[in-house]
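Visitor: everything below, folded, please.
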Amino acid sequence: MNSRERMAAAMRRGMPDRVPVMCQLALGHYFLHADAAPADIWFDSRVFAGVLEEFRRRYGFDGLLVNLPGRPEHWRDWVVSHEADEFGETITWTCGLKTRVPADDNLQTFPADCQWLPRAGLEGLDPADDGLLRVPGLVWNTWHAPCLWDIPDTADLADPADYPAWFTRALHAARELAPEASVHAEVFSPFTHLMELLGYEQAMTALIDSPEVCSRLLDRFAAVVCAQVELYADCRPDAVLISSAFAGAGFISRDMYRAFVLPAETRIVDAVHRRGLPAYVHTCGAIGDRMDLMAESGVDGIDTLDPPPLGTVDLAWAKERFGRRFFFKGNLDAVNEMLRADDEAFEQAVIRRLEIGKPGGGYILSSACSVAPRVDPARLRRMTELAAEYGRYE
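Guide: Below you'll find the predicted structure:
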């Protein structure tokens, strides 16, 4: 089997030749260990796709995740200055915003006064207002860009036809560079869009004080995400990941998950399935109490599965309870078992996940969440070696 076939078998909850390996790497890991400059990795789609494939091959992974949207080829036309400073580098844009470029962490954008980007206010908020989709805090943390570049103000982001061709550049390039690998696209859950639009504290309050407004906003965002699914599907990815980081028990209750997350994510899963692709969801932290609700969305798999103390998922319990329903990807503690543990403890943690996840198929060996920037690259190569040794199906 090649990598693409191996991953496809696991995502069908089947048994490939061995357990596949696919970790999502923090962007800071690429910044530290790639030859390309951090700003070029973040803002140049061709460079980004090339780095993703380079590291997939370097570590022997079976798949890669395209977790940044495409960029226009001429993104540098919006750059006023790009200077080294105490943060690493800072880019100043024609719109007046500044982006800090650290050497080992995600880029962050700020107003010229270096305060936080503005969020939408609840007072007088109209969920139908097109301007909401351009609130700087939302744009930065869902598009990971200082602005919507050259997308006209009149563009309907719920209509795939209104997106520029560059939106899919990174995914298209990755698919071209990795024809025998499993290439996955990422979209953000409507609930994540809500958090980024209002800001976390105000969004949590709004769920209680303004639930109807929140539901209307989530409906609006679901239409936008479905449009992005349509665009990505045309690039022939092997799966679509729904990033829903803030839907765990550390943020909201089961009842809130049922009311605010489930309806919108069900729409996204349906959109993915209409294009004949598997969908899986990435939710951080404590999800052991809501995996049955996650199943109601129709999603095919679950990513992260954070174990204690980061989360609440025991892989053996999850396999026993939901192994016939989901494929699973993750469960290896990215902090305590991958970053801080000694070599023996790290290897034993990997072998345990293989022993638990392998029986019956449907398991992808992975870090629970993103691999931290300073995890030793040798450990990532070792994961694939251990999967070849302990993860084979007879």
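
Visitor: need the residue closest to the centroid of this structure.
Guide: Ranked by distance to the mean C-alpha position of the chain (CA atoms, centre = their mean), the top residue is Ser243 at 4.6 Å.

Visitor: what about the strands in the stretch 151-300 of the chain?
Guide: According to DSSP state E, counting those that start in this stretch, the stretch 151-300 of the chain carries its strands in the segments 182-188, 239-243, 279-282.

Visitor: could I get those strands as a markdown table with distance to Glu347 and mean pLDDT?
Guide: Yep, even glycine has a C-beta here, placed from its N, CA and C like the rest. Putting the strands of the stretch 151-300 of the chain into a markdown table (distance: least, CB to CB, whole Å; pLDDT from 0 to 100) gives the following:
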| stretch | distance to Glu347 | mean pLDDT |
| --- | --- | --- |
| strand 182-188 | 25 | 98 |
| strand 239-243 | 27 | 98 |
| strand 279-282 | 25 | 98 |
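
Visitor: quick one: closest of the ones you listed to Lys98.
Guide: The minimum distance between Lys98 and the strands of the stretch 151-300 of the chain falls on strand 182-188, with 23.6 Å, by CB to CB.

Visitor: distance to Ala155 added to the strands of the stretch 151-300 of the chain, as a markdown table?
Guide: Supplementary listing: those in a markdown table, determined by distance: least, CB to CB, whole Å:
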| stretch | distance to Ala155 |
| --- | --- |
| strand 182-188 | 18 |
| strand 239-243 | 22 |
| strand 279-282 | 26 |
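
Visitor: which of these sits most buried?
Guide: Per residue and on average, the most neighbours among the strands of the stretch 151-300 of the chain fall to strand 182-188, with a mean of 26 (mean count of other CB atoms under 10 Å).

Visitor: okay, the angle between that one and strand 239-243?
Guide: 30 degrees (axes from the mean of the first three to the mean of the last three CA atoms, to 10 degrees).

Visitor: how far is strand 182-188 from where the chain is centred?
Guide: Between the centre of strand 182-188 and the centre of its host chain there is 7 Å, according to CA atoms, centre = their mean, to the nearest Å.

Visitor: contact partners of it?
Guide: With contact meaning CB atoms under 8 Å, 6 or more residues apart in numbering, strand 182-188 is reached by 3-4, 6-8, 20, 22, 62-67, 142, 171, 174-175, 225, 228-229, 232, 235, 237-244, 268.

Visitor: which among the residues you listed count as buried?
Guide: Among the contacts of strand 182-188, the ones that count as buried by 16 or more other CB atoms under 10 Å are 3-4, 6-8, 20, 22, 62-67, 142, 171, 174-175, 225, 228-229, 232, 235, 237-244, 268.

Visitor: buried residues in stretch 46-57?
Guide: Of all the residues in stretch 46-57, those buried under the rule 16+ other CB under 10 Å are 46-56.

Visitor: then stretch 82-94 to CSV, C-alphas only?
Guide: Below are the C-alpha coordinates for stretch 82-94, written out as CSV (Å, rounded to 0.1, in the frame of the first residue of the first chain):
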residue,chain,number,x,y,z
HIS,A,82,9.5,43.9,6.8
GLU,A,83,12.0,44.5,9.6
ALA,A,84,13.9,42.5,12.2
ASP,A,85,13.1,43.5,15.8
GLU,A,86,12.8,42.1,19.4
PHE,A,87,9.9,39.9,18.3
GLY,A,88,11.8,38.3,15.5
GLU,A,89,10.4,40.3,12.6
THR,A,90,7.5,42.6,12.1
ILE,A,91,5.6,43.2,8.9
THR,A,92,3.7,46.5,8.4
TRP,A,93,0.8,46.4,6.0
THR,A,94,-0.8,49.0,3.8
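
Visitor: contacts for it next, please.
Guide: When contacts are defined by CB under 8 Å, 6+ apart, stretch 82-94 is touched by residues 38-39, 78-81, 98-103, 146-147.

Visitor: now do stretch 196-203
Guide: Counting by CB under 8 Å, 6+ apart, 119-122, 132, 135, 137-138, 141-142, 194-195, 206, 214, 217, 246 sit against stretch 196-203.

Visitor: that older thread, tell me the bridge partners for the residue nearest to the centre of the chain.
Guide: With DSSP bridges applied, the residues forming beta bridges to Ser243 are Phe188, His282.

Visitor: can you list the buried residues in stretch 360-369?
Guide: Applying a neighbour-count criterion of 16+ other CB under 10 Å, the buried positions in stretch 360-369 are 361-369.

Visitor: between these, which is nearest Ser210?
Guide: Cys369 (30.4 Å).

Visitor: how long is stretch 93-111 from one end to the other?
Guide: Between the opening and closing residues of stretch 93-111 we find a distance of 10 Å, counting by CA to CA, to the nearest Å.

Visitor: list the buried ones in that stretch?
Guide: Under the neighbour-count rule (16+ other CB under 10 Å), stretch 93-111 has 93, 97-101, 104-107, 109-110 buried.

Visitor: which of the residues you listed lies closest to Tyr280?
Guide: Within the buried residues of stretch 93-111, the smallest distance to Tyr280 is 22.3 Å, found for Asn106 (CB to CB).

Visitor: test my guess that Trp140 contacts Pro118.
Guide: No. Trp140 is beyond contact range of Pro118, at 10.5 Å (criterion: CB atoms under 8 Å).

Visitor: okay, the two: which has more neighbours?
Guide: Between Trp140 and Pro118, counted using other CB atoms under 10 Å, the more crowded position is Trp140 (20 against 12).

Visitor: quick one: terminal-to-terminal distance for stretch 158-172?
Guide: Its first and final residues considered, stretch 158-172 spans 21 Å by CA to CA.

Visitor: helix/strand/coil for the closest residue in space to Ala174 that isn't next to it in sequence?
Guide: Distances taken as CB to CB, 6 or more residues apart in numbering put Ala49 closest to Ala174, at 4.2 Å, once the chain neighbours are dropped. When classified by DSSP: H, G, I helix; E, B strand; the rest coil, Ala49 comes out as helix.
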